[in-house]
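Novice: Dropping the sequence and predicted coords here.
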Amino acid sequence: MSDIVDAFLAGRNRVQESFNKSDPFQRGVAWVETVLEPGLKLADEEMQGSGAALRHDLNLDRRSTNHPHCDFWFVQTDCPSGQSYDGPKYSINVTADCEIRLYKTGAPGRSLGSVDAVGPNEIKELLREAAKEYGTLYRVE
């Protein structure tokens, strides 16, 4: 690349970083895309061959929700009858103050921390806990 292209890209990145810091919704989207979603995809890859898989559904559209949102859950993949047993659904919301909230049916919501504090290791631990819970519910036909 040329020096001019490098300067252009550096300026553009600085504006984007400034925009992301001033727009909490966009900061939440960036966290979902760079931390949560890669963690979910990696966990699903690691589950291959185990008889279960990790599914997730994202909503990062500002027009349909007031916060970035992701649901994830485990499903059984090795059912001879074709009947899949879904595990509990977990919902992650990134609030207007960039706090990450975890919700699960039958349990109170809880804070995982801010988008600046929750990284890949924390997501991996959360997915480990969810996988362990699903393992206790897993049905063998």
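Specialist: Cool, the structure landed.
Novice: start to end distance for stretch 41-58?
Specialist: 12 Å (C-alpha to C-alpha, to the nearest Å).
Novice: What lies in contact with it?
Specialist: With contacts defined as C-beta atoms under 8 Å, 6 or more residues apart in numbering, stretch 41-58 is touched by 32, 37, 40, 68-78, 124, 127, 131, 134, 138. Every C-beta, even on glycine, is put in place using the N, C-alpha and C of the backbone.
Novice: out of those, which are buried?
Specialist: By neighbour count, with 16 or more other C-beta atoms under 10 Å, those hold 32, 37, 40, 68-70, 72-74, 76, 127, 131, 134 as buried.
Novice: So which residues of the protein form strands?
Specialist: 52-59, 69-76, 90-94, 99-104, 107-114 (DSSP state E).
Novice: now, of these, which is deepest in the fold?
Specialist: Compared across these, strand 90-94 shows the largest average neighbour count, a mean of 22 (mean count of other C-beta atoms under 10 Å).
Novice: Report the two of the buried ones among the contacts of stretch 41-58 separated the most.
Specialist: Maximum pairwise distance in the buried ones among the contacts of stretch 41-58, criterion C-beta to C-beta, is 28.4 Å, between Pro68 and Gln76.
Novice: Quick check: Thr95 touching Asn66?
Specialist: No - checked against C-beta atoms under 8 Å, the pair Thr95 and Asn66 is beyond contact range at 9.1 Å.
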